[in-house]
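Asker: structural data only, the sequence is not supplied:
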């Protein structure tokens, strides 16, 4: 009995190497494909991929905020490539089926996942125990099968009703393509060319449309990879001149991410390299990535009126000079508000403590807690009682978004950070975006900003750089959002799409058009959004950006720009304030120069 049991284990999983060393396979080494070679293999993969059993439209996957997804592989050689691409869209937990001794144990470990993506090969499908495993889990949760093989084993799946993506090509690129197809990063266009079983006959199959970002090479949008290489030279200059210790840049064109690269290190000791998954303090990019997103949705729903006044929502404003300021004026920075208040300069010893308690609950950074209701008692009255400058004149002010946070939270009865997380970031599959990242991620995944020697007296890592935002606990309308470059690309590709992404509609196209278009007679601004500057000599945000371009910059050395005319999303994330504030990133025009290289590469095409 024991012998038969061990034999089953070896035959099923081929992973118990001591029992059956022939099952241990080393994937063949393949050259890393780039440029035209990658694009050629990607096109072949597209022609070789068919979607079956998709009557219910399960593929592309939707409802990512309600999905806990596992990816299980057995003998698929390119599982790493497959899982890597899956994780571009949402958090995926990988499982190596070869390490399990029984089907039941694997099933038990999958109990907290409601969606399971199975990577299978011809070899896997020849095992009846795997088919039992598929049938068992298909009754319990959503199962998606990614089959890489000849197709001769499709008859083994005749009784399966779960979606099957069959790709007859075996390569890292094919694995990446199929993973993207599951989430709608690429469209499935092919049907069965010939009959492979009684169920899977010639002409069967389902087509899909592209609904999310694709991850590919510049050649996929008519750009030669070599024409983007000058970005590397600009990066070397920026880092060697200490304009910033490092940065991450991402470029998406026509819904395709064609460049996502990290340069330099977290700090100047050159020990921890920047990674494309690193989380950065976005600073004022918060204004458009959080507060403005909520405002757009509330205006569209009729819950917030741009021409209503502050006093309509904020009771304490009714007896101040802020009472008649409109929401529109706040969003345009034309309310006459002063630019900012250095709140931290007025802190008294009794206002903070090194330990948290009921009396000091608001965490500013490690070992620094503000007293209860400090915002309500001190900061908010200061803002309400400040003098007004000339209304109708453009004066960029952080105070405008302090006010907008109070307004939207009054309308929704929901904290700003919770609202944007549940209405945008989670449904979009944004894995890192959000406020208070230290509550959710390891410190090592976050890029440090300033070595604060004047207020908090420590190196700020995962705590918002902006002093005022820090003093209110890290959540503010003008600063406090953290994210990776990929998350920013997802969010603003949704905006570029006219409010749709992943098969869901977040805004109407007319809402996006209203907020991102120039809405001021006295400045270049849209509603919340910064825009292309009509004063051509400023070359803002780039020498080549079109007049339709909108986005925002952040004090820590960040920016996001969207150019609808070029189908472009440009993300730049850095920590230029490390170890202390430096203007070199701006004076050397690092961000716009990299953007210029992208436009020049578009103009050159494949030359």
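Answerer: Received, thanks. Every value quoted in this text rests on a predicted model; they were computed, and no experiment measured them. Numbering: from 1, shown residues only.
Asker: tell me where the stretch 451-600 of the chain has helices.
Answerer: Per DSSP state H, counting those that start in this stretch, the stretch 451-600 of the chain carries helices over the ranges 467-471, 485-496, 509-516, 584-587, 590-604.
Asker: what mean pLDDT does the fourth one get?
Answerer: Which is helix 584-587. Averaging pLDDT along helix 584-587 gives 98.
Asker: among the helices of the stretch 451-600 of the chain, which is nearest residue 299?
Answerer: Ranking the helices of the stretch 451-600 of the chain by proximity to residue 299 (CB to CB) places helix 509-516 first, at 7.0 Å. Backbone N, C-alpha and C define where each C-beta goes, glycine included.
Asker: and the angle from the closest one to helix 485-496?
Answerer: Counting by axes from the mean of the first three to the mean of the last three CA atoms, to 10 degrees, helix 509-516 lies at 110 degrees to helix 485-496.
Asker: who does helix 509-516 touch, helix- and strand-wise?
Answerer: Contact partners of helix 509-516 among helices and strands, from 3 or more CB pairs under 8 Å, 6 or more residues apart in numbering; DSSP states H and E: helix 292-300.
Asker: next SSE downstream of the helix it packs on?
Answerer: Moving toward the C-terminus from helix 292-300, the next helix or strand (DSSP states H and E) is helix 327-332.
Asker: chain center to that next one: distance?
Answerer: With CA atoms, centre = their mean, to the nearest Å as the basis, helix 327-332 stands 27 Å off its chain's centre.
Asker: other SSEs contacting that helix?
Answerer: Packing partners of helix 327-332 (3+ CB pairs under 8 Å, 6+ apart): helix 292-300, helix 399-412.
Asker: counting contacts, what elements does the following helix or strand past it pack onto?
Answerer: Counting by DSSP H and E, the next helix or strand C-terminal to helix 327-332 is strand 352-353. Where contact means 3+ CB pairs under 8 Å, 6+ apart, strand 352-353 is packed against strand 368-370.
Asker: ok so residue 144 is a strand residue?
Answerer: Yes. Counting by DSSP: H, G, I helix; E, B strand; the rest coil, residue 144 is found in a strand.
Asker: which of the helices of the stretch 451-600 of the chain sits closest to residue 49?
Answerer: Comparing the helices of the stretch 451-600 of the chain by CB to CB, helix 485-496 comes nearest, at 22.9 Å.
Asker: show residues contacting that closest one.
Answerer: For helix 485-496, contacts defined as CB atoms under 8 Å, 6 or more residues apart in numbering pick out 88, 212-213, 248-250, 252, 255, 257, 260, 276-277, 280, 282, 285, 289, 293, 424-425, 428-433, 500-501, 506-507, 512, 516, 551, 560, 562, 564, 567, 569, 571, 573.
Asker: buried members of those residues into PyMOL, please.
Answerer: Buried residues among these (16 or more other CB atoms under 10 Å), as a PyMOL selection:
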select buried, resi 88+212+213+248+249+250+252+255+257+260+277+280+282+285+289+293+424+425+428+429+430+431+432+433+500+501+506+507+512+516+551+560+562+564+567+569+571+573
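Asker: pLDDT of the helix or strand containing residue 40, averaged?
Answerer: Element membership for residue 40 (DSSP H and E) is helix 35-47. On average, the pLDDT along helix 35-47 is 97.
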